[in-house]
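J.: Okay, predicted coordinates and the sequence, questions at the end:
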Amino acid sequence: MVRRVLSLTSGRIAVAVLAVIALLALFGPLLAPQDPLATSESTLAPVSGAHWLGTDYLGRDVLSRLLDGSRVSVLGALEVALTALVVGAVPGILSVCLGRAFEWFTLRLADTLVALPFLLFAVAVIALLGNGLTQAMLVTGVLVSPLFYRVARAAGLSVARSPYVEAALISGASIGWIVRRHVWAKVLPPLAVALAQTIGVGFVIVSSLTFLGIGVQPPAPTWGGLLASDLGYLSHRPWAPLAPAVLIMATVWAANLLADAVRDVSGEAGRALVDGRRARAHRPGPAGPAPLGGAS
Amino acid sequence: MTTTQHPHTPGGPPTAGPVLDITGLDVRYGRRTALRGVSLAVAPGETVGVIGETGSGKSTLARAALGLVSPSAGSIVVGGHDVTGYGRRQWRDLRREGVVQYVFQDPLRSLDPDLTIEDSLTEPLLVQGVPREEAAARARAFLSRVRLTEDLLGRLPGELSGGQRQRVAVARALVTDPRLVILDEPVSALDSANRVQILEILKELRSAGVALVFISHDLGSVAGVADRIAVLYRGELVEDGAAADVVGRPRHPYTRLLLRSAPTLRSAPADRAEREALRALLHN
Amino acid sequence: MTPLPSKTARTAPPDADSHDADSHDPRSPAPDDPQAPHAPHSPAPDGPATTHASHAAAGATAATRPVLSVRDVRIGHPAGDREIVHGVSFDLTPGKALGIVGESGSGKTLTCRAALGILPPPFEVTAGTVEIDGTPIAELTPRQWTELRGTTISAVFQDPASYLNPSLRVGAQIAEVLRVKKGLTRREARARSVELLRSVRLRDPELVHGQYPYELSGGMLQRVLIAAAIAAGPRILIADEATTALDVTVQAEILDLLEDLRERTGLALVVVSHDLAVVAQLCDEVLVMRGGEVVEQGPTSQVLHNPQHPYTRLLIAEHEQYGLDRFLAPEEAA
């Protein structure tokens, strides 16, 4: 699957962008040239040698704040996506295998979650559980999980009703064997698409929540928080929101690009698409442009 | 389940009784009755054709014999085991002995599109606990029996023709040396050349002593291979006898209609009038 | 209905209404014995494999003039040199039935689609001519085609459910054909469509008229489609694997219905199937196709009793060895 995604140009671009973002998240706080919380005299300073992206209304270095905030933002998005995956996909697959009662219960639960107004609910839970990023992300993850539930269930259903699963059953295969050998390969691609999509969505959500001041408290920087504080000084520095906005956009875009690439290469059609490209790429002979991903 | 080889050769009965013995079987889906009081026995090495139209319950009969639907009344004995009250686990253990196998109508969907032919063929053996190497070797041995070559092993079902896929499905049903193979419309989706090939393979199986239950809507496609023919009509067994008798002296009007409806190379204008009369009779 | 701009005059009245269930079609020829091997032969310019000349009755009266005439039709990709169908020729006179037998990919469906003018792109007729009722189809404008389909040539296919709108009652869908093609009023169209449903021998036409496609079985749907296909009184009906997906008893009912329509209305039939026996039951002449080639062509009895090509012999052997014919053969000999 990874190899096939990488054989697409769009897949390579998406992975490259996401890799850079991941590196930022890992090492960003270390790379920050200045203390992201240190205020200075030069408030709202323009771009200069000392402050590559200028300073904010308290004179804090914007670049440092962006780099420092990246970890929280990216981790938040991942938390959302992974929570949603676990909370959604597992009952989704099980709803196909376990009896009617479980199916009915999880279906109603998923419907209920979808019906909840999402930001409002997040705010309410924060009010109950206390304001922390992890709480906010877990709540968000649960709220997004019906997507995974439905995707996993739909894929599981189409496999469970297929004759080859029955054939395996007739040969004496256990449920575990059938899930491992037949169901897994069919459920994985749509889940991967949903995951990549949710990372993008999660990013927007983390940014929106932090923009609203939920999850992370003001002095600590996040991309959404930066965007919010910059917007207040739009008249003084109209270009200021650009840097956090571009970062958010690039990440969401790359995540969606990855989702598209995963979808393109999954299943029969995807295999044909990739094989076709490979065949075309190889036709000019050894001198032809061999796809990078094919060799990896 | 660790034993891999069975003491019996295919067809050589460990017990003297029939490989499949169904008595007074009722199956209900909700309020609808799919089968009513059906009794059918298949002796070792015997080929039985089960004929019926869509909704006659012929597939339900097969699924009941395989434990995929549970009967509401009656008893089923498979290979000497009374499976009537079997639970999931008991069924699994019985299936792992590989006594009964099943071939589906649609060869495209009965093979996992993401697994190579070799993976599909070895699955029943791997499930039994046969080591991979041995399973692969045994699967390979069966390819020639269904007139396929080894270079297909690495391919995916999508790269095979319909006829080849159906032969793979037959080979998969054979790898466990079953005593009974149930085939649900195995040739309906195939054209003449492939149909003949599958029927030839079934004939060879029959001479090898494997019992076959051949399910079809078309009496014509079964008549040439079956020893016995059973006719299901609206959930009931209306005819059960030697193939020549059923074809030569059909008792039930539905069997007569089936006979007159089966496309044959010999067309007689009289058939049409007879069909009309039989239809009128059956609908009243 | 307006008569086609046909260059040749027709003696028969060009109205389609004469196809009513109880009327005799003046165009239908005298019923000759379909098995008769002495049908008038003509040295028609046939395809390469047609050793047995077709029964085009040259010089006969206008009534037996072919209503569908296919001359050495070749179908392929216009761009590439790939030819899929390598020359098919046949003539079909009113009240006759022609069978085309072949496996999937043999070109039988493409040939039919060419006659209907609905070849799927990128395929095109690269050579040869098709004449419907004397009009070469190559000269037809899209408007004329629309005029022709339904009123002169019509078709039913496999998988009837996909040819009906699932959200409309079947009666309304037949009535639509009548209103568009024959300009009937709503009330007339309703009455006529019930009548048509009765003529395809649906048991309760009034009930079926108000039902949705999902409420009907495959055999009933195929009848509905046949009713829609003959609604505008066509002279040619192409049945392309129309009974393949059906139970054998239902298949026989549909085939009987087609035979009945042919006898009653003088409809000319093209029956396409992968099963030689299906075709043999109904048709006067058989074409056996394989790989885009016509490997055998001739009167049905001749093809059945004296097959020339190994493939035809295989088709026959299948039935003789594995089919009912094994049991029936001695009975017939007696």
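T.: Nice, thanks for sending it over. Residues are numbered from 1 along each chain as shown, chains lettered A, B, ... in the order given.
J.: residue ranges of the helices in the chain, please?
T.: All of this is about chain A. A:2-6, A:9-31, A:62-97, A:100-115, A:118-129, A:133-160, A:163-170, A:175-178, A:184-211, A:223-231, A:242-265, A:267-282, A:292-295 (DSSP state H).
J.: think we crossed wires, I meant chain C
T.: Under DSSP H, chain C gives helices at C:108-116, C:142-148, C:170-182, C:186-199, C:205-209, C:218-229, C:248-265, C:276-282, C:300-305, C:310-322, C:325-333.
J.: tell me the average confidence for the fifth one?
T.: With pLDDT averaged residue by residue, helix C:205-209 scores 91.
J.: Dihedrals phi and psi, the closest residue in space to C:Gln321 that isn't next to it in sequence?
T.: Closest residue to C:Gln321 apart from its sequence neighbours, by Cβ to Cβ, 6 or more residues apart in numbering or on different chains: B:Gly224 at 6.0 Å. Yep, even glycine has a C-beta here, placed from its N, CA and C like the rest. Per-residue torsions, B:Gly224: phi -70, psi -20 (degrees, to the nearest 10).
J.: Nearest the middle, which residue of chain A would you pick?
T.: Relative to the mean C-alpha position of chain A, the nearest C-alpha, by Cα atoms, centre = their mean, is the one of A:Ile199, at 1.0 Å.
J.: which residues does that residue contact?
T.: The contact partners of A:Ile199, by Cβ atoms under 8 Å, 6 or more residues apart in numbering or on different chains, come to A:77-78, A:80-81, A:255.
J.: one more time with 10 Å
T.: A:18, A:21, A:74, A:77-78, A:80-82, A:84, A:251-252, A:254-256, A:258-259 (Cβ atoms under 10 Å, 6 or more residues apart in numbering or on different chains).
J.: Likewise for C:Ser162?
T.: Applying Cβ under 10 Å, 6+ apart, we find C:Ser162 in contact with C:213, C:221.
J.: hmm, try it at 6 Å
T.: Residues near C:Ser162 by Cβ atoms under 6 Å, 6 or more residues apart in numbering or on different chains: none.
J.: and it, how far is that from chain A?
T.: 20 Å (Cβ to the nearest Cβ, to the nearest Å).
J.: pretty sure A:Gly11 is touching A:Val2, no?
T.: No. Between A:Gly11 and A:Val2 there is no contact under Cβ atoms under 6 Å: 9.1 Å.
J.: Excluding chain neighbours, what is closest to B:Asp82?
T.: Using Cβ to Cβ, 6+ apart and skipping residues adjacent in sequence, the residue nearest B:Asp82 is B:Ser75, 6.4 Å away.
J.: Need the three-state assignment for the one you found.
T.: Secondary structure, DSSP: H, G, I helix; E, B strand; the rest coil: B:Ser75 is strand.
J.: Give me the neighbour count for it.
T.: 15 (other Cβ atoms under 10 Å in any protein chain shown).
J.: beta partners of it?
T.: B:Ser75 forms beta bridges with B:Thr23, as assigned by DSSP bridges.
J.: Look up the closest residue to residue 111, ignoring the ones flanking it.
T.: All of this refers to chain A. In space, A:Asp111 is closest to A:Pro146, 7.8 Å off (Cβ to Cβ, 6+ apart).
J.: nope, chain C
T.: Nearest one to C:Thr111, counting by Cβ to Cβ, 6+ apart, is C:Val88 at 5.1 Å.
J.: hang on, that neighbour packs against C:Val73?
T.: Yes. Contact criterion Cβ under 6 Å: C:Val88 and C:Val73 qualify, at 5.0 Å.
J.: I'd guess B:Glu239 is in a helix, am I close?
T.: No. Looking at B:Glu239 with three-state DSSP, it is strand, so not inside a helix.
J.: so it touches B:Arg249, yeah?
T.: No. Applying Cβ under 6 Å as the test, B:Glu239 and B:Arg249 come out as separate, 10.2 Å apart.
J.: roughly how far apart are the nearest residue to A:Gly92 once chain neighbours are set aside and B:Glu239?
T.: Once flanking residues are discounted, A:Gly92 sits nearest to A:Ala152: 2.9 Å by Cβ to Cβ, 6+ apart. Using Cβ to Cβ, to the nearest Å, we find A:Ala152 at a distance of 47 Å from B:Glu239.
J.: Great, nothing more from me.
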